[in-house]
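Trainee: Here is my input, please return the structure:
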Amino acid sequence: MLRLKEFIAPLSILFCCAAPFETAAETLTIGTLTEGIREQMKIYEPLANHLEANLQDVGVTEVRVMMLPSSDQMARAMGRGEVDVFFDSALVAAKVAQNSGASPFMRNWKNGRNSDHSVIVVRADSGIETLFDLRGQRIAFEEPDSTTGFLLPAHIISEHGISLSEIRSFEAPPASDEIGYIFTTNDKNSIYMLAIGRVDAAATNPEGFSLLQTVRPEEFRVIASSQSVPSQVLLTRRSLDENLVNRMREELSGLFRTTEGRAVLKAFHNSAGFDEFPSGSKAAFTPIYHILEDLQRAGIN
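Mentor: Next up, the predicted model:
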């Protein structure tokens, strides 16, 4: 069972950037990016316990969760074999896959959705009609490792040939021909900063915009939307045992069939279930990799 002290102990090692270690063959290590230890525990513990109880026939005797603060560090950990599977949004997972050799494995219907997209929102009375009107203005992004809160909206802006530059405070003036952006660390913070006028626009997902519309109807509107990508993706590290991969696929895809499994899914991002990419992982990820290439060319990583 995954208890509190067992969950936090490997975390303390990772944050100290300890020397690489070998993962025992019977240990399955799930990777996630740090978004609050206790919150992540509530999300991952039921899933880890379920897999630990049901993968023993393929030699797994322990499942643990490893938290790291950035996608770059996660990619290095997967490349060294310290993390076996990793869950995250599509573009963040693609970054990790590119830099580690990991493979997209399955998709998770996070919050009941199989896909998600980003919207850029402004106040309805701002006079801002298009992205070009945002030049010389400020936009709130969530964090660098956020698909809908940064990478997708940054891609929308770069596709329009508009430069982005990070500003260090809400008072810092952006250049007149650029959009200045500031990270707020949380989607709700981005929305709040727009609502109180600290920024001129905010990147969020449709759920965040719906919240704005509920609280302040007709006061905000969308000026740009991104393409849709899978809501959440599961990666497996290269050379992970094929029998283990197949058993994980079987367990994850069957969770919705039992009362226990549905409870695990509910705890895990209110998931509706895991399934395969309808047209295969290569077809699903080719446009996602193209987005990352576009961002790199625009100087956004």
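Trainee: which intervals of the chain have sub-threshold pLDDT?
Mentor: 1-25 (pLDDT under 70).
Trainee: any idea how far Ala175 is from the most centrally placed residue in it?
Mentor: By C-alpha atoms, centre = their mean, the chain has its centre lying nearest to Ser89, at 3.2 Å. Distance, Ser89 to Ala175, by C-beta to C-beta, to the nearest Å: 30 Å. Every C-beta, even on glycine, is put in place using the N, C-alpha and C of the backbone.
Trainee: Ile162 touches Phe132, doesn't it?
Mentor: Yes - assessed by C-beta atoms under 8 Å, Ile162 is found in contact with Phe132 at 6.9 Å.
Trainee: Distance check, Thr236 against Leu91.
Mentor: 18 Å.
Trainee: So if I had to pick from these two, which one is more boxed in?
Mentor: Leu91 (27 against 23; other C-beta atoms under 10 Å).
Trainee: So that one: helix, strand or coil?
Mentor: Applying DSSP: H, G, I helix; E, B strand; the rest coil to Leu91 yields a three-state assignment of helix.
Trainee: pretty sure it contacts Val229?
Mentor: Yes - the pair Leu91 / Val229 is scored as a contact, 6.7 Å apart, by C-beta under 8 Å.
Trainee: Could you name every residue contacting both of these two?
Mentor: 147, 152, 288 (C-beta atoms under 8 Å, 6 or more residues apart in numbering).
Trainee: Filter those residues down to just the buried residues.
Mentor: 147, 152, 288 (16 or more other C-beta atoms under 10 Å).
Trainee: Show me the residues you listed that map onto helices.
Mentor: 152, 288 (DSSP state H).
Trainee: mind giving me JSON lines with the buried ones among the shared contacts of Leu91 and Val229 and columns for distance to Glu250?
Mentor: Formatted as JSON lines, these follow (distance: C-beta to C-beta, whole Å):
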{"residue": "Thr147", "distance to Glu250": "28"}
{"residue": "Leu152", "distance to Glu250": "32"}
{"residue": "Ile288", "distance to Glu250": "26"}
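Trainee: For Ile162 and Phe132, indicate the residue with more neighbours.
Mentor: Ile162 (16 against 11).
Trainee: which residues sit in contact with the residue lying closest to Glu129 once chain neighbours are set aside?
Mentor: Among residues not flanking Glu129 along the chain, Ile223 sits closest, at 6.8 Å (C-beta to C-beta, 6 or more residues apart in numbering). Contacts of Ile223 were listed using C-beta under 8 Å, 6+ apart, and they are 120-122, 128-131, 201.
Trainee: hang on, Ile223 in a helix?
Mentor: No - under the criterion used here (three-state DSSP), Ile223 is strand, not part of a helix.
Trainee: which one of the buried ones among the shared contacts of Leu91 and Val229 is nearest Leu255?
Mentor: Among those, Thr147 lies closest to Leu255 (C-beta to C-beta), at 23.4 Å.
Trainee: quick one: the closest one from Met67, how far?
Mentor: Thr147 is 19 Å from Met67, by C-beta to C-beta.
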